[in-house]
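S.K.: here are the coordinates; sequence isn't available:
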């Protein structure tokens, strides 16, 4: 039995259909009475028997460059007897019986001892039938197609590729980051399909990747797809806020803020702006991507402000806010006291009370209480750390004007609204030459 093979670089083996192992192959060409002729890959069987060699043999070929390329065929071997001649042959006569002659063709034998039984020889001329020529063609399977992205998110994408036409047992998907020196990492083992695809998870946002698909065949052979083009994942949420955020006061109404940008790899996209939030009020201030400091004005004096900053990328995704930092603006002069009222009077005194300013702008150290006669231009000023004052030594039944101001470490604030009051009259009317007691 012979096998013709194209191309020449093949692994050929012959086996019997009923047996699970090779009789001979390209690596082991002789096995007892079986011989593989490597010139034409024919199987030679010695000492064939009509009783044991009527059987079916199988020829199997694999390409040495691609063991996955597999071709088999079968050939039957029939051994028949066409001619048989039976002869007998006696053993040589014993030397003790040299006077005895024997006719081996059924003549009468004379001997002192019975002759040994004759041996029969079966000469068999055999005819081999049902011989086969086996033509084996070995071809390479096409590799998987270049993997392409169908849907791209920030941390996952769907890959799809054309399958191999070989006997694929499974596909392996490999990936690497965009720099060409990085190593390939295993993404998944994927079963074969008419159109194979796989969703790759766990990717980094806004990162370049390359992919390659490997088709594995049952014999351990594999074929790799072309490497994919660079594929970039979508932008995602920035993972880190700005760092080294500092806040300082520049007067009673101004705050200065500075910071450092987060690492570029944490942006997960393109930096679009910084988002500064200042409280009280949770006011949001947006600043350009190149800005690393700012001055915030129109703040209230002697007020604690809390500042935190985040980054925003061009996908309009915001990072976590930075840890809060706070500062207190400087003191300023206070507002005017309010609610100035007169609560007691007599002919020579007036007592007034007031409330603290609505805008204290610092710690109130003391108050100034002012008083003057209505028809005068001169004010008298009194210092008190209380919220009331008693003006004494006034003239009887006289109109007065009263004002109050508050002071902090920054200075004196504006006066309150003027209070117009008149001292009381005396309890008795004094007539000339008549003594009266005030």
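M.R.: Perfect, I can see it now. Model, not experiment: these values are computed from the prediction. Numbering: from 1, shown residues only.
S.K.: from start to finish, how long is stretch 160-180 in a straight line?
M.R.: 22 Å (Cα to Cα, to the nearest Å).
S.K.: check stretch 257-277 too.
M.R.: With Cα to Cα as the measure, stretch 257-277 spans 11 Å from end to end.
S.K.: would you mark the buried spots in it?
M.R.: Neighbour counts over stretch 257-277 (16 or more other Cβ atoms under 10 Å) mark 257-259, 261-262, 267-269, 271-277 as buried. Glycine gets a C-beta too; all of them are placed from N, C-alpha and C.
S.K.: any idea how far it is from the chain center?
M.R.: Between the mean C-alpha location of stretch 257-277 and the chain-wide mean there is a distance of 21 Å, by Cα atoms, centre = their mean, to the nearest Å.
S.K.: report the mean confidence score over it.
M.R.: The pLDDT scores in stretch 257-277 average 95.
S.K.: ok, stretch 43-61 next?
M.R.: Mean per-residue pLDDT for stretch 43-61: 73.
S.K.: could you pull out the buried residues of stretch 238-249?
M.R.: 238-242, 245, 247.
S.K.: can you tell me which of the residues you listed is nearest residue 232?
M.R.: Proximity of the buried residues of stretch 238-249 to residue 232 (Cβ to Cβ) peaks at residue 238, which lies at 16.5 Å.
S.K.: nearest to residue 210, of the buried residues of stretch 257-277?
M.R.: Closest approach between the buried residues of stretch 257-277 and residue 210, by Cβ to Cβ: residue 268, at 19.3 Å.
S.K.: the closest one in helix, strand or coil?
M.R.: Under the three-state scheme (DSSP: H, G, I helix; E, B strand; the rest coil), residue 268 adopts coil.
S.K.: could you do the one 4 residues further on as well?
M.R.: Assigned with three-state DSSP, residue 272 falls in the strand class.
S.K.: ok, it touching residue 317?
M.R.: No. With contact defined as Cβ atoms under 8 Å, residue 272 does not reach residue 317; the gap is 9.4 Å.
S.K.: returning to that earlier point: just the ones of the buried residues of stretch 238-249 in strands?
M.R.: 245, 247 (DSSP state E).
S.K.: mind picking the two most distant members of the buried residues of stretch 238-249?
M.R.: Farthest apart among those - using Cβ to Cβ - are 239 and 247, which lie 23.8 Å from each other.
S.K.: low pLDDT regions in the stretch 301-438 of the chain?
M.R.: By pLDDT under 70, the weakly predicted segments of the stretch 301-438 of the chain are 427-438.
S.K.: residue 311 - that's part of a helix, no?
M.R.: No. According to three-state DSSP, residue 311 belongs to no helix; its state is strand.
S.K.: please name the bridge partners of it.
M.R.: Listed beta-bridge partners, residue 311: residue 274 (assigned using DSSP bridges).
S.K.: that one and residue 363, how far apart?
M.R.: Counting by Cβ to Cβ, to the nearest Å, the gap from residue 311 to residue 363 is 39 Å.
S.K.: and what of residue 44?
M.R.: 116 Å.
S.K.: ok, the two, which is more surrounded?
M.R.: Higher neighbour count among residue 44 and residue 363: residue 44, with 15 against 12, using other Cβ atoms under 10 Å.
S.K.: where's the more buried one, which helix or strand?
M.R.: strand 42-45 (DSSP states H and E).
S.K.: can you tell me the strand partners of that strand and which way each runs?
M.R.: Strand 42-45 is paired, per DSSP bridges, with strand 34-37 (antiparallel).
S.K.: in the strand it pairs with, what's buried?
M.R.: Within strand 34-37, the residues that qualify as buried are 34-36, counting by 16+ other Cβ under 10 Å.
S.K.: circling back: just give me the closest of the buried residues of stretch 257-277 to residue 57.
M.R.: residue 268 (65.0 Å).
S.K.: pLDDT score assigned to the nearest residue to residue 263 once chain neighbours are set aside?
M.R.: Closest residue to residue 263 apart from its sequence neighbours, by Cβ to Cβ, 6 or more residues apart in numbering: residue 240 at 6.5 Å. Residue 240 is assigned 96 on the pLDDT scale.
S.K.: check residue 164 too.
M.R.: For residue 164, pLDDT reads 87.
S.K.: may I have the phi/psi pair for it?
M.R.: Torsion angles at residue 164 (phi, psi; degrees, to the nearest 10) stand at phi -70, psi 150.
S.K.: so in terms of bridging, what pairs with the closest residue to it other than its chain neighbours?
M.R.: Closest residue to residue 164 apart from its sequence neighbours, by Cβ to Cβ, 6+ apart: residue 215 at 4.1 Å. Beta-bridge pairing for residue 215 (DSSP bridges): residue 171, residue 223.
S.K.: and residue 215, how far from residue 187?
M.R.: 15 Å.
S.K.: ok, now residue 309?
M.R.: 37 Å.
S.K.: the two: who's more crowded?
M.R.: Taking neighbours as other Cβ under 10 Å, residue 309 and residue 187 compare with residue 309 leading, 26 against 20.
S.K.: what's the distance between that one and residue 252?
M.R.: 23 Å.
S.K.: also residue 177?
M.R.: Relative to residue 252, and taking Cβ to Cβ, residue 177 is found at 53 Å.
S.K.: next: residue 390.
M.R.: The separation that residue 390 has from residue 252, given Cβ to Cβ, amounts to 34 Å.
S.K.: neighbour count for those two, which is higher?
M.R.: residue 252 (18 against 12).
S.K.: wait, residue 392 sits on residue 351?
M.R.: No. Look at residue 392 against residue 351 with Cβ under 8 Å: they stay out of range, at 9.3 Å.
S.K.: of those two, who's got more company?
M.R.: Taking other Cβ under 10 Å, residue 392 and residue 351 do not tie; residue 351 has more neighbours (16 against 9).
S.K.: skip the chain neighbours and tell me the closest residue to the more buried one.
M.R.: Nearest one to residue 351, counting by Cβ to Cβ, 6+ apart, is residue 344 at 4.1 Å.
S.K.: what's the answer for residue 321, then?
M.R.: In space, residue 321 is closest to residue 308, 4.3 Å off (Cβ to Cβ, 6+ apart).
S.K.: just give me the neighbour total for residue 158.
M.R.: Residue 158 has 14 nearby residues by other Cβ under 10 Å.
S.K.: for it, give me its contacts.
M.R.: Going by Cβ atoms under 8 Å, 6 or more residues apart in numbering, residue 158 touches 149-151, 197-200.
S.K.: the helix or strand where it lies pairs with which strands?
M.R.: Residue 158 belongs to strand 157-161 when elements are defined using DSSP H and E. Strand pairing for strand 157-161, using DSSP bridges, gives strand 148-152 (antiparallel), strand 196-200 (antiparallel).
S.K.: cool, thanks, signing off.
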